[in-house]
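A.B. asks: My questions are about this predicted structure, shown below with the sequence.
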Amino acid sequence: MSTTTYDVTGMTCSHCVHAVTEEVKKISGVKDVEITLVTGGASQVRVTSDADLAVDDVRAAVDEAGYELAGAPA
């Protein structure tokens, strides 16, 4: 198992959390998504998966939800 935290900008409400969660869960191997919403800043999206995910896959999922991946994952 692998857990990585990504910073996502533009999220402001529970709808945002739901949208990002649903898109990231579509990535093959993702087991869990937990989001700490930070209004006016970068929210933390913690993703647990079977193996390390390609950052481009996570970026595409976040983009599809209408938000932006900021910086490198932690």
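C.D. replies: It's in. Residues are numbered from 1 along each chain as shown.
A.B. asks: What lies in contact with the lowest-mean-pLDDT helix or strand in the chain?
C.D. replies: The weakest-scoring helix or strand in the chain, judged by mean pLDDT, DSSP states H and E, is strand 68-70 (a mean of 94). Identification of contacts with strand 68-70 by C-beta atoms under 8 Å, 6 or more residues apart in numbering yields Tyr6, Asp7, Val8, Thr9, Gly10, Ala42, Val55, Val58, Arg59, Val62, Asp63. Placement of C-beta: from N, CA and C, glycine included.
A.B. asks: Sheet partners, orientation included, of it?
C.D. replies: strand 2-9 (antiparallel) (DSSP bridges).
A.B. asks: May I see the buried residues of the partner strand?
C.D. replies: For strand 2-9, the neighbour count (16 or more other C-beta atoms under 10 Å) marks Tyr6, Asp7, Val8 as buried.
A.B. asks: Would you work out how far apart the start and end of stretch 20-32 are?
C.D. replies: In stretch 20-32, first residue to last residue: 12 Å (C-alpha to C-alpha, to the nearest Å).
A.B. asks: mind checking how far it is from the chain centre?
C.D. replies: 8 Å (C-alpha atoms, centre = their mean, to the nearest Å).
A.B. asks: I'd like the mean pLDDT over it, please.
C.D. replies: Stretch 20-32 carries an average pLDDT of 98.
A.B. asks: This protein: strands as residue ranges?
C.D. replies: Remark: strands assigned in the chain by DSSP state E are 2-9, 30-36, 43-49, 68-70.
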